[in-house]
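the following comprises the amino acid sequence and a computationally predicted model.
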Amino acid sequence: MKKVLMLCSALVIPVLYASDAHAEVTLYGKIETAVHIEKQRGGNTLVNMDDQGSRVGLNIVEDLTGKWKVKGYLEIGFNSDNGTYNQTTGNKPGTTLFGRRSILAVANEDYGELGMGRMGSVRSTISPYSLVMAWIDPMETAYGDIASIGNVWGNDPRSNNCVTYVTPRINGFKLGATWSFATTDDDNHPAHENNRMLSLGGNWQNKIFGVYAGFTNMWWGHDNGKSTDWVDNGKKYTRANSQAYTLGATWKATDALKLYIGGQYMKNWRNASGWNLDSIKTTVDGVAYTDADRKYGIDAWNTIIGFRYHPDAHWRFVLDYVSLFGHHKMADSQKLKASRQNINGAIEYKITKRTMAYIHSSYSIGRKQLNTPKVNTWVSHVGLQHWF
């Protein structure tokens, strides 16, 4: 990463005038482009160029008094294949600049860090505060929608209006909590119109083992006046609160081999594994959903098991199995069942510490409500990644 002075960006110039101290700004980013090969069941083979999470960001740190620091985290996503702006889930198109993260934080090495703004939760797969799901994914949340644990399991979204606190690591333990006053758009009054979230998470690590656990509760807002044109269309009908419980572990069996295992139970979750109850119009069997049918979410048990093996400084071999088995209860108490099972593999070659070439492949099988061409697919990538 390249260290630059505050004058590097007009976005942070005002901080220079707020203190006699000098802030340190780290400009960083990732450019990753791949050839995407996809074969859906019953369809033609698609071959195209695909972005894989390219981004540019600023990490801002200024020393205050004693051990206190003020921090800023800003991050923008873009599509490396065509140079266009890339929004993340939950944003209104055309209105969000720092969609990946926008955080102002205060930190102390003895007391931890308190951050405020748009961010991922402590249970999610999203940095900088993830304590749970990102750590138990052998794919390290990479390779698009099909391979990442965060797209098959119930994952906390990037959310607006968040407050997160994380402790320092003490005797191997690190704990945290995230509260969102309104996960999408801005918080409204009265509060019942807001989608709110509480996420708790923590882990324990040493040089060999890691244990990770987290819980999330989502309170869904209700507003009859909401449009159906974007992510908050669900506010037009009553939704049961959602919960997700996650537990996982890692074991560094040798210097070259690391093993991963995890499980999750989720109740009334709105969107997982390509099954989005707020956007679906009909079931696979052609039965139309009513607003009453959308009250309850997805109840499911999810698993992951896999490994990362690096025989030398250059090569990495990754393999995992991810699954979801669950159902959705309709208004007449009928339970619509569904399952998804993914096998994901990757061969990675580190050209330098910051540059990597790779081949990735994922095979996905869906059953019942997830027995669709989009889920029943084989996806592969041949790509190049560079961090700066």
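Received it, and whenever you're ready, just let me know what you need. Source: prediction; values computed, not measured.

pLDDT below threshold where in the stretch 151-300 of the chain?
Applying pLDDT under 70 to the stretch 151-300 of the chain flags the ranges 226-232, 282-287.

where does G225 sit: helix, strand or coil?
When classified by DSSP: H, G, I helix; E, B strand; the rest coil, G225 comes out as coil.

could you check how far it is from T125?
With distances taken as CB to CB, to the nearest Å, G225 is found 33 Å from T125. Yep, even glycine has a C-beta here, placed from its N, CA and C like the rest.

give the contact list for the residue nearest to Y237 when sequence neighbours are not counted.
In space, and not counting its chain neighbours, Y237 is closest to D291: 3.7 Å by CB to CB, 6 or more residues apart in numbering. Contact analysis of D291 by CB atoms under 8 Å, 6 or more residues apart in numbering lists 236-238.

quick one: buried ones out of the residues you listed?
By neighbour count, with 16 or more other CB atoms under 10 Å, the contacts of D291 hold 236-237 as buried.

among G225 and T125, which residue is more densely surrounded?
Per other CB atoms under 10 Å, whichever of G225 and T125 has more neighbours is T125, with 22 against 7.

what's near enough to touch the more buried one?
133-134, 137, 141, 148-150, 155.

by neighbours, which of those wins?
Most crowded among these, counting by other CB under 10 Å, is M133 at 31 neighbours.

now do the contacts for that one.
With CB under 8 Å, 6+ apart, M133 has these contacts: 123-125, 149-150, 153, 155, 212, 214, 246, 248.

and N344, by the same measure?
139, 143, 146-147, 306, 318-322, 360-362.

just the helices in the stretch 1-150 of the chain please.
Using DSSP state H, counting those that start in this stretch, the helices of the stretch 1-150 of the chain run over 144-147, 149-152.

now do the buried residues in stretch 326-338.
Neighbour-count burial for stretch 326-338 [16+ other CB under 10 Å]: 326-330, 336, 338.

can you list the weak-confidence ranges in the stretch 1-150 of the chain?
For the stretch 1-150 of the chain (pLDDT under 70), the answer is 1-21, 88-94.

switch the helices of the stretch 1-150 of the chain over to JSON lines; also include distance to F173.
Below are the helices of the stretch 1-150 of the chain laid out as JSON lines (distance: least, CB to CB, whole Å):
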{"stretch": "helix 144-147", "distance to F173": "30"}
{"stretch": "helix 149-152", "distance to F173": "23"}
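
who wins for proximity to K353 among those helices?
helix 144-147 (23.0 Å; CB to CB).

which outside residues touch that closest one?
If you take CB under 8 Å, 6+ apart as the criterion, helix 144-147 is touched by 36, 50, 52, 139, 151, 274, 342, 344, 346, 360, 362, 364, 377, 379, 381.

in those, find the pair that's most separated.
G274 and A346 (20.7 Å).

higher neighbour count, the two?
The residue with more neighbours, out of G274 and A346, is A346; 24 against 20, by other CB under 10 Å.

just the mean pLDDT for the stretch of helix or strand that one belongs to, thanks.
Here A346 sits within strand 335-350, counting by DSSP states H and E. For strand 335-350, mean pLDDT rounds to 96.

wait, is D293 part of a helix?
Yes: with three-state DSSP as the criterion, D293 is assigned to a helix.

contact partners for it?
By CB under 8 Å, 6+ apart, the contact set of D293 is 330-331.

that older thread, the strand holding A346: partners in the sheet, and parallel or antiparallel?
Sheet pairing for strand 335-350, assigned by DSSP bridges, gives strand 315-329 (antiparallel), strand 355-368 (antiparallel).

how close does G326 sit to D278?
Counting by CB to CB, the gap from G326 to D278 is 16 Å.

make TSV from the strands paired with strand 335-350 and add distance to K267 and mean pLDDT to it.
Converted to TSV, the strands paired with strand 335-350 look like this (distance: least, CB to CB, whole Å; pLDDT from 0 to 100):
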stretch	distance to K267	mean pLDDT
strand 315-329	9	97
strand 355-368	18	97
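
out of those strands, which one sits most buried?
For the strands paired with strand 335-350, the largest average neighbour count (mean count of other CB atoms under 10 Å) is found in strand 315-329, namely a mean of 20.

could I have the CA atoms of that strand written out in PDB?
What follows is strand 315-329, C-alpha atoms only, in PDB (Å, rounded to 0.1, in the frame of the first residue of the first chain):
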ATOM      1  CA  TRP A 315       0.600 -21.900  -4.900                       C
ATOM      2  CA  ARG A 316      -2.800 -22.100  -3.100                       C
ATOM      3  CA  PHE A 317      -5.300 -24.900  -3.400                       C
ATOM      4  CA  VAL A 318      -8.800 -24.300  -2.000                       C
ATOM      5  CA  LEU A 319     -11.800 -26.600  -1.800                       C
ATOM      6  CA  ASP A 320     -15.100 -26.400   0.100                       C
ATOM      7  CA  TYR A 321     -18.700 -27.600   0.300                       C
ATOM      8  CA  VAL A 322     -21.500 -25.200   1.200                       C
ATOM      9  CA  SER A 323     -25.200 -26.100   1.700                       C
ATOM     10  CA  LEU A 324     -28.600 -24.800   2.700                       C
ATOM     11  CA  PHE A 325     -31.600 -27.000   3.600                       C
ATOM     12  CA  GLY A 326     -34.800 -25.100   4.600                       C
ATOM     13  CA  HIS A 327     -38.400 -24.100   3.900                       C
ATOM     14  CA  HIS A 328     -40.700 -21.100   3.700                       C
ATOM     15  CA  LYS A 329     -44.100 -21.000   5.400                       C
END
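
return the distance of it from the chain's centre.
Averaging C-alpha positions (CA atoms, centre = their mean, to the nearest Å) puts strand 315-329 15 Å from its chain's average.
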